[in-house]
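Visitor: Sequence first, predicted coordinates after that:
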Amino acid sequence: MQKSPLQIARSTYQPKLPKALQGKVALQEGALTQSVADQEEIKNLFPNTYGMPLIHMVEGEEKQMPAINVGVILSGGQAPGGHNVICGLFDGLKRLNPDSKLYGFLGGPSGLIDHQYMLLTKEIIDDYRNTGGFDIIGSGRTKLEETWQFDKGIEICKELGISAIVIIGGDDSNTNACVLAEYYLQKGCGIQVIGCPKTIDGDLKNEMIETSFGFDTACKVYSELIGNIQRDASSAKKYWHFIRLMGRSASHIALECALQSQPNMCIISEEVEANNMTLNDIVNQIVDMIVARAEAGLNYGTVLIPEGLIEFIPAMKRLIQELNDMLADNEEFLALDTDDEKRQYVKGMLSPESREVYRDLPKGIARQLTMDRDPHGNVQVSLIETEKLLIEMVAKRLATLKGEGKYKGKFSALNHFFGYEGRCAIPSNFDADYCYSIGMVATHLIAAGKTGYMALVQNLTAPAQEWKAGGVPITMMMNMERRHGKLKPVIQKALVDLNGAPFQYFAAHRQEWASSQSNYIYPGPIQYFGPASVCDQPTHTLKLEQSK
Ligand code: FBP
């Protein structure tokens, strides 16, 4: 495989580890835990994995570990650093016992069910050190939820002599990791399950998990691109750039990119929902800013839009819900030929409020809402081009204002969507170090016989050697939520906290960023070599959250 000069140089990077993980590691048990809410229900559902203690890792006497076989699974969307979790796990296992083996289940959780796997050797691992992507074993979105799937897992683990599975995934995958751990304990089959916190979306975080891996690198990549666009905008002075940023639900990515690049506007879905805003309210807000800038002779700027926005606009959320219910397996609708017939049919079936919202949507978007559905029958919001929708609606409103003599500027807009550009980027030093540490932590949890835990690395705004390592029982992060009509135990998803320091900082500065000519920041590309002040900085979100 041919490699770029950076890849070659990067392959020799030795990730920094917390002091506690640099030599021999001892485990200390901390306080017993309980779930963040719904304690009785969670306890009943997880009788064996509920209430376990927090684990702290310290330098100390290390127990001997017999040779063991471990399986690893990558679950869900790619996030920079996943390969380093696997490298840390591999190195940790081999250090504790060189005869231990690591198997990778291929293509995500389905690899465990379908018995697709590969043995990860040193040669393979060395090829993937500090690289982006999940291609070492592939990932997938199959949900590990049903007992027949768990039983298929037991079969292959028995065949390969695997006594522990590490699941690298987001909130849902880690919830399922805990269900699996509980099931395997109940069955007494001797298979431990450990989770690792992954997702670029940054919404797997809480009192214990400071951030999910991949968020740092992805945001840095997008912020670089936004900065470049802003420099172009302020050079050419003729375009408005509408930039949609990935993040299926929460707006953490958009907020972090705003903090890094200081755009003229950044919409935060959580605020839209809290203020019960309509699509027209959002459009008017953008229009007001464009008009004000035009009056100052500034016919250019940037607007950041979180991917999940549409579902946070209360009226749109209701409309989407009605469409989901109405269109699920609807033969009548599917039999209609033309878009016009479909539009009429839908209008006839909606509630009066939703019909009004639907009628006001540009035809293309209205069509998208009735077309693209995921396997669960839900609209795939990531496919809805909100940036184009907003451009269209803003342009229309500006034309009206122009006709009324209230706007004299020129509106020329370009749209962008940044998502896949950052999900597999070469991990920043932060993610490379964090992920390698997570992998090592997972090894020590396995060696200590733990199950139903998530690997924990904390104190992340300090230099890596001061990071703290340990484990948190997954049940501690759970509450009961309604999913597809049923109450289920799940890890709470973290949305942007409107009272939190990152949003508050943004809110205190956005006015200034909206009107100014020169507040843009140009973060530039991720730096891998150089002073720590340039190469090892965590996200603004983390720094603000931890600045007390
Ligand atoms: P995870 O939650 O699995 O980490 O994935 C996050 C994400 O990258 C979202 O930001 C995005 O909406 C989605 O995956 C895209 O999904 P897909 O990979 O199926 O295109």
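Guide: The structure has been received and is ready for your questions. Numbers count the residues shown, from 1 in each chain.
Visitor: Low-confidence bits of the stretch 351-500 of the chain, can you list those?
Guide: 372-377 (pLDDT under 70).
Visitor: Helices of that one, residue ranges please.
Guide: Using DSSP state H, counting those that start in this stretch, the helices found in the stretch 351-500 of the chain span residues 352-360, 363-371, 386-403, 420-423, 429-447.
Visitor: Helix 429-447 and the lengthiest helix in the chain, what's the angle between them?
Guide: Counting residues, the longest helix found in the chain (DSSP state H) is helix 215-236. Put simply, helix 215-236 runs at 170 degrees to helix 429-447, going by axes from the mean of the first three to the mean of the last three Cα atoms, to 10 degrees.
Visitor: Who are the packing partners of whatever helix or strand comes next after helix 215-236?
Guide: Beyond helix 215-236 on the C-terminal side, the first helix or strand identified by DSSP states H and E is strand 240-245. Applying 3 or more Cβ pairs under 8 Å, 6 or more residues apart in numbering; DSSP states H and E, one finds that strand 240-245 contacts helix 215-236, helix 252-261, strand 301-306, helix 386-403, strand 413-418. Every C-beta, even on glycine, is put in place using the N, C-alpha and C of the backbone.
Visitor: Skipping adjacent residues, who's closest to residue 26 in space?
Guide: residue 60 (3.0 Å; Cβ to Cβ, 6 or more residues apart in numbering).
Visitor: Leaving out the residues flanking it, which one is nearest to residue 99?
Guide: Residue 99 sits nearest to residue 67 (Cβ to Cβ, 6+ apart), 3.6 Å away.
Visitor: Then residue 139?
Guide: residue 74 (4.0 Å).
Visitor: can you tell me the helix or strand for the one you found?
Guide: Assigned by DSSP H and E, residue 74 falls within strand 69-75.
Visitor: List the contacts of the spatially most central residue of the chain.
Guide: With distances taken as Cα atoms, centre = their mean, residue 201 lies nearest the centre of the chain, 2.2 Å away. By Cβ atoms under 8 Å, 6 or more residues apart in numbering, the contact list for residue 201 reads 170, 212, 215, 246, 247, 248, 249, 250, 252, 253.
Visitor: Any idea how many residues pack against the closest residue to residue 406 other than its chain neighbours?
Guide: Among residues not flanking residue 406 along the chain, residue 291 sits closest, at 7.1 Å (Cβ to Cβ, 6+ apart). As a burial measure, residue 291 scores 18 neighbours (other Cβ atoms under 10 Å).
Visitor: for residue 291, what are its contacts?
Guide: Residue 291 makes contact with 398, 401, 406, 407, 409, according to Cβ under 8 Å, 6+ apart.
Visitor: Look up how far the ligand lies from it.
Guide: Plainly put, residue 291 is 32 Å away from the ligand if you go by Cβ to the nearest ligand atom, to the nearest Å.
Visitor: can you tell me the helix or strand for that residue?
Guide: helix 279-295.
Visitor: got the residues of the stretch 51-200 of the chain near the ligand?
Guide: Residues of the stretch 51-200 of the chain lying close to the ligand by Cβ under 6 Å from any ligand atom are 76, 77, 79, 170, 199, 200.
Visitor: which residues touch the fifth one?
Guide: Taking Cβ under 8 Å, 6+ apart as the contact definition, residue 199 lies against 76, 77, 79, 169, 170, 171, 212, 214, 215.
Visitor: residues in contact with the third one?
Guide: Contacts of residue 79 were listed using Cβ under 8 Å, 6+ apart, and they are 134, 198, 199, 200, 212, 213, 214, 215, 218, 423.
Visitor: That one: what's its closest spatial neighbour, skipping adjacent residues?
Guide: Spatial nearest neighbour of residue 79, chain neighbours left out: residue 214 (2.6 Å); criterion: Cβ to Cβ, 6+ apart.
Visitor: what sits against the one you found?
Guide: With contact taken as Cβ under 8 Å, 6+ apart, residue 214 is in contact with 78, 79, 80, 81, 82, 198, 199, 200, 423, 427, 431.
Visitor: Double-check the fifth one against residue 168; I have them as touching.
Guide: I take that to be residue 82. Yes: between residue 82 and residue 168 there is a contact at 5.9 Å, judged by Cβ atoms under 8 Å.
Visitor: Common neighbours of the two, please.
Guide: Contact criterion Cβ under 8 Å, 6+ apart; residues shared by residue 82 and residue 168: 74, 198.
Visitor: pLDDT on stretch 104-117, on average?
Guide: Across stretch 104-117, pLDDT averages out at 97.
Visitor: ugh, typo on my part, it should be stretch 201-212
Guide: The pLDDT scores in stretch 201-212 average 97.
Visitor: and that stretch, which residues are buried?
Guide: By 16 or more other Cβ atoms under 10 Å, the buried positions in stretch 201-212 come out as 201, 202, 203, 204, 205, 206, 208, 209, 210, 211, 212.
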